[in-house]
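Colleague: 3D model of this:
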Amino acid sequence: MSEPLAISPVADPVRGTIRPPGSKSLTNRALVVAALAEGDSRLSGVLDCTDTEVMIDSLGRLGIEVRHDPAGCVAEIAGCGGRIFAKAADLWLENSGTSIRFLTALATLGRGTYRLDGNARMRQRPIQHLVDALNRLGTRATCDGNGCPPVAVRANGLPGGKTSVGGDVSSQYLSSLLMAAPCAAGPVEIAVEGALVSLPYVDMTMGVMAKFGVVADTSSAGKFRVAPQPYRGTAYEIEPDASAASYFFAAAAITGGEVTVHGLSRYALQGDVGFVDVLEEMGCRIDWKPDSITVRGGALGGIDVDMNAISDTAQTLAVVAPFAEGPTRIRNVGHIRHKETDRIAAIATELDKLGVRVETTDDSLTIHPGPIAPGTVATYDDHRMAMSFALVGLKIPGIRIADPDCTAKTYPQYFDDLRKLCGT
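Modeller: So this is what the prediction gives:
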């Protein structure tokens, strides 16, 4: 665990431009689809972080060649044509939810035994719904008795058929099934039970699949159909991470400054660009360009907002809220209790530590503005706790972030980039 990091308040509103590194969500999806493709693929804008490192390492253990140039943000993948070469593999995924869920479905395409595991928090993150859905398609997979990793897959190819998956815990279950489905022996039909959380991430998955030549049939409400068909290797450019961009947009909002993020637009594949609409509702001004988004801070007012679709930015909004006039309610985000940490509880605990009053329910937080006290923020080995709460320190002296190196999960250079943007 790294030493706490003191955040220096800015003397003036933050003004500047930045291009965050590539999207973690897009990088891991593109790596999986390129691995399953026929032919070679070249990915540019690839994010280099713990989550993508464990994905690349695991693909290698499954017999798929990935040549990764971290400095150049490039990965070249020799596609396996939907056939996993390794007959056995042990995959260690740290606390990367995308990696373990996507690779669980991918492993069913092999012919052998595969074990997927991770750190202590990973062993508390649910995966039973995905395992059950895969078994209904004719594979044999098991997970620990609490419905969490480790996962064992005894594969003899994925036969196909009809299955269902719950949508209320993680959209990654559906994304995992969709990406593996074209490589099944027969057609796959997936019915979603209940409301689907984080729907834009499923749209993102299908967008990546389409870039590699596969289109899912979504003509029936609540059902996804995929016929056997090959992915085609291609050159694919990964967008900057919209979730990471939210911190820089929030810096403009909190300090009354102006920040431009290059490489994103209204039409980005990532739903988290919608965070700027939330800031606009609070009083910021937004300038959309074909290859950039600018946020200009203004007088902030509290809002009541459903963040189910963009829940990875809930922590970002939670640290903007104390600087607004009036309370802010973040609702319909109960599923974030199953992320890297229980994010609802963690947000409430750390804001309370700083003197901010927070009310919680099973799926919401209400944050009341007021004086903010100095303090050291615990991060719970959650990269988003560290990145979001650091923004409080741009206005309030005495804020320290415990274990800042936990940002290596998705954004190792975050604090360097924040300092450059703020001129500190």
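Colleague: C-alpha only now, for contacts and for neighbours.
Modeller: Noted.
Colleague: Just give the number of residues close to Ala6.
Modeller: 17 (other C-alpha atoms under 10 Å).
Colleague: got it, and Leu317?
Modeller: 23.
Colleague: Repeat that for the one 4 residues further on.
Modeller: Under the neighbour criterion other C-alpha under 10 Å, Ala321 is assigned a count of 27.
Colleague: same deal with Ala235?
Modeller: 13.
Colleague: Pretty sure it sits against Arg42.
Modeller: Yes: counting by C-alpha atoms under 8 Å, Arg42 is a contact partner of Ala235 at 4.7 Å.
Colleague: can you map out the strands along the stretch 201-350 of the chain?
Modeller: 223-226, 235-237, 258-262, 285-289, 292-296, 304-306, 328-331 (DSSP state E, counting those that start in this stretch).
Colleague: among those strands, which is nearest Gly110?
Modeller: strand 223-226 (19.0 Å; C-alpha to C-alpha).
Colleague: In terms of secondary structure, what does the closest one contact?
Modeller: Strand 223-226 is packed against strand 188-193, with contacts defined by 3 or more C-alpha pairs under 8 Å, 6 or more residues apart in numbering; DSSP states H and E.
Colleague: Quick check: buried residues in the strand it packs on?
Modeller: In terms of neighbour count (16 or more other C-alpha atoms under 10 Å), strand 188-193 has its buried residues at Val188, Glu189, Ile190, Ala191, Val192.
Colleague: what's the farthest-apart pair in the residues you listed?
Modeller: So, the buried residues of strand 188-193 by C-alpha to C-alpha: farthest apart are Val188 and Val192, at 13.0 Å.
Colleague: Phe85 and Ala195: what is the separation?
Modeller: In this view, Phe85 and Ala195 are 36 Å apart by C-alpha to C-alpha, to the nearest Å.
Colleague: Might one say that Pro230 is in contact with Cys183?
Modeller: Yes: if you go by C-alpha under 8 Å, Pro230 and Cys183 touch, sitting 7.0 Å apart.
Colleague: So which of the two has more stuff around it?
Modeller: Between Pro230 and Cys183, counting by other C-alpha under 10 Å, Cys183 is the more crowded of the two (28 against 16).
Colleague: mind checking how far that one is from Ala105?
Modeller: 11 Å.
Colleague: who touches both of Pro230 and Cys183?
Modeller: Counting by C-alpha atoms under 8 Å, 6 or more residues apart in numbering, the contacts common to Pro230 and Cys183 are Gly82.
Colleague: Switch the strands of the stretch 201-350 of the chain over to JSON lines; also include mean pLDDT.
Modeller: JSON lines is the format used below for these (pLDDT from 0 to 100):
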{"stretch": "strand 223-226", "mean pLDDT": "97"}
{"stretch": "strand 235-237", "mean pLDDT": "98"}
{"stretch": "strand 258-262", "mean pLDDT": "98"}
{"stretch": "strand 285-289", "mean pLDDT": "98"}
{"stretch": "strand 292-296", "mean pLDDT": "98"}
{"stretch": "strand 304-306", "mean pLDDT": "98"}
{"stretch": "strand 328-331", "mean pLDDT": "98"}
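Colleague: Would you tell me which of these gets closest to Leu394?
Modeller: Short answer: strand 258-262, nearest of the strands of the stretch 201-350 of the chain by C-alpha to C-alpha, at 14.1 Å.
Colleague: Who are the packing partners of that closest one?
Modeller: By 3+ C-alpha pairs under 8 Å, 6+ apart, strand 258-262 packs against strand 15-18, helix 242-255, strand 292-296.
Colleague: between the ones you listed, which one is nearest to Asp417?
Modeller: strand 15-18 (8.1 Å).
Colleague: Tell me where the stretch 301-424 of the chain has helices.
Modeller: In the stretch 301-424 of the chain, the helices defined using DSSP state H, counting those that start in this stretch lie at 314-320, 343-353, 383-389, 414-422.
Colleague: need those in a markdown table with distance to Asp57, can you?
Modeller: Output for those, formatted as a markdown table (distance: least, C-alpha to C-alpha, whole Å):
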| stretch | distance to Asp57 |
| --- | --- |
| helix 314-320 | 30 |
| helix 343-353 | 28 |
| helix 383-389 | 21 |
| helix 414-422 | 23 |
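Colleague: The ones you listed: which one's closest to Ala373?
Modeller: That would be helix 343-353 among the helices of the stretch 301-424 of the chain, by C-alpha to C-alpha, at 8.0 Å.
Colleague: Flag every buried residue along that closest one.
Modeller: Arg343, Ile344, Ala346, Ile347, Ala348, Thr349, Glu350, Leu351, Asp352, Lys353.
Colleague: related to what we said a few turns ago, give me the common contacts of Val188 and Val192.
Modeller: Counting by C-alpha under 8 Å, 6+ apart, Val188 and Val192 have no shared contacts at all.
Colleague: Just the C-alphas of stretch 348-358, formatted as CSV.
Modeller: Coordinates of each C-alpha in stretch 348-358 appear next as CSV, following Å, rounded to 0.1, in the frame of the first residue of the first chain:
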residue,chain,number,x,y,z
ALA,A,348,-21.0,8.0,2.4
THR,A,349,-18.2,7.0,4.9
GLU,A,350,-15.6,9.2,3.4
LEU,A,351,-17.8,12.2,2.8
ASP,A,352,-19.0,11.9,6.4
LYS,A,353,-15.3,11.9,7.5
LEU,A,354,-14.9,15.2,5.8
GLY,A,355,-18.0,16.7,7.5
VAL,A,356,-20.4,16.3,4.6
ARG,A,357,-23.9,14.9,5.5
VAL,A,358,-25.0,12.0,3.4
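Colleague: Which residues does it contact?
Modeller: 322, 359-360, 365-375, 377-378.
Colleague: ok, and the most crowded of those?
Modeller: Ile367 (29 neighbours).
Colleague: if I read this right, that residue contacts Ala321, doesn't it?
Modeller: Yes: between Ile367 and Ala321 there is a contact under C-alpha under 8 Å: 6.4 Å.
Colleague: Need the residues touching each of those two.
Modeller: With C-alpha under 8 Å, 6+ apart as the test, Ile367 and Ala321 both reach Pro327, Thr328.
Colleague: on that earlier part again, could the buried residues of strand 188-193 go into JSON lines alongside pLDDT and distance to Asp168?
Modeller: Shown next, in JSON lines, are these (pLDDT from 0 to 100; distance: C-alpha to C-alpha, whole Å):
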{"residue": "Val188", "pLDDT": "98", "distance to Asp168": "21"}
{"residue": "Glu189", "pLDDT": "98", "distance to Asp168": "19"}
{"residue": "Ile190", "pLDDT": "98", "distance to Asp168": "15"}
{"residue": "Ala191", "pLDDT": "97", "distance to Asp168": "13"}
{"residue": "Val192", "pLDDT": "95", "distance to Asp168": "9"}
